[in-house]
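In: this one's structure only:
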């Protein structure tokens, strides 16, 4: 009877394993501690990546951090970007313009107003070294001008070979003010196309424009394709 009243001697003595816990618990605590140390070490790296900085503290040019300055009283253009299979990284990011009205410099005595355009914007990607980025102006044939006959837009491309677009390291570009259209062209909606022209194909365009008809009426899409022009998209300019 006395032996049954006494608790077993093995249960009365605390085991050595109870002091340090079971093995699975020790392993779990060690893993948690290691993971915490790694997370703390990665915090500065993640903060740098999210803020767009590299190891030297410089900020990478991104669409948000490297936006281009806009001219005073400028209008933001709606942009349609065409992705080229040959140049997938070259895309239109943004475009703005300043449109003013006045007398046509070729006929200052005429009362018909003339328009002047000052465009600017930003592209992503670099222009290939063997090509030049040019503006091609196109007037929508579904819109009409302010002449008594209300002529529709010709729907043809006018190459502005004297004003190439030269983006800086951020992709920003701007062009000086220049005439847009003709006297009483107001009312037309223009598209400011961005066209990549291989330098070896510029003589092709000049040859096509050597006729007075092409110089006055512009070129069609087939002519641009024949001279290997790649249109990257356009900005819309209503007047």
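Out: Received it, and whenever you're ready, just let me know what you need. For clarity, every value in this text was computed on a predicted model and none was experimentally measured.
In: so where is the chain shaky, pLDDT-wise?
Out: 1-21, 23-26, 28, 30, 32, 34-35, 37, 39-66, 103-113 (pLDDT under 70).
In: how does it divide into domains?
Out: 9-50, 75-238 (automatic domain parsing).
In: quick one: terminal-to-terminal distance for the last one?
Out: The first and final residues of domain 75-238 sit 11 Å from each other (CA to CA, to the nearest Å).
In: how about the helices of the protein, start to end?
Out: 2-5, 9-12, 16-20, 23-50, 202-208, 212-217, 221-226 (DSSP state H).
In: got the domains of the chain as JSON lines, with distance to residue 68 and mean neighbour count columns?
Out: To be clear about C-beta, it is placed using only N, CA and C from the backbone, and glycine gets the same treatment. Formatted as JSON lines, the domains of the chain follow (distance: least, CB to CB, whole Å; neighbours: other CB atoms under 10 Å):
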{"stretch": "domain 9-50", "distance to residue 68": "23", "mean neighbour count": "9"}
{"stretch": "domain 75-238", "distance to residue 68": "4", "mean neighbour count": "16"}
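In: what residue is smack in the middle of the protein?
Out: Residue closest to the average C-alpha location in the chain (CA atoms, centre = their mean): residue 93, at 1.9 Å.
In: which other residues reach stretch 82-94?
Out: Identification of contacts with stretch 82-94 by CB atoms under 8 Å, 6 or more residues apart in numbering yields 63, 67-68, 76, 79-81, 121-128, 171, 194, 196, 230-235.
In: can you check stretch 173-181 too?
Out: With CB under 8 Å, 6+ apart as the criterion, stretch 173-181 contacts 68, 71, 98-100, 104-105, 114-123, 135, 137, 139, 145, 160, 163, 165-167, 188, 190, 237, 239.
In: can you check stretch 202-210 too?
Out: For stretch 202-210, using CB under 8 Å, 6+ apart, the contacting residues are 132, 159, 161, 197, 214-215, 219, 223, 226-229.
In: what sits against residue 99?
Out: Residues near residue 99 by CB under 8 Å, 6+ apart: 75, 115-118, 180, 237, 239.
In: how near is it to residue 146?
Out: Distance from residue 99 to residue 146, counting by CB to CB, to the nearest Å: 14 Å.
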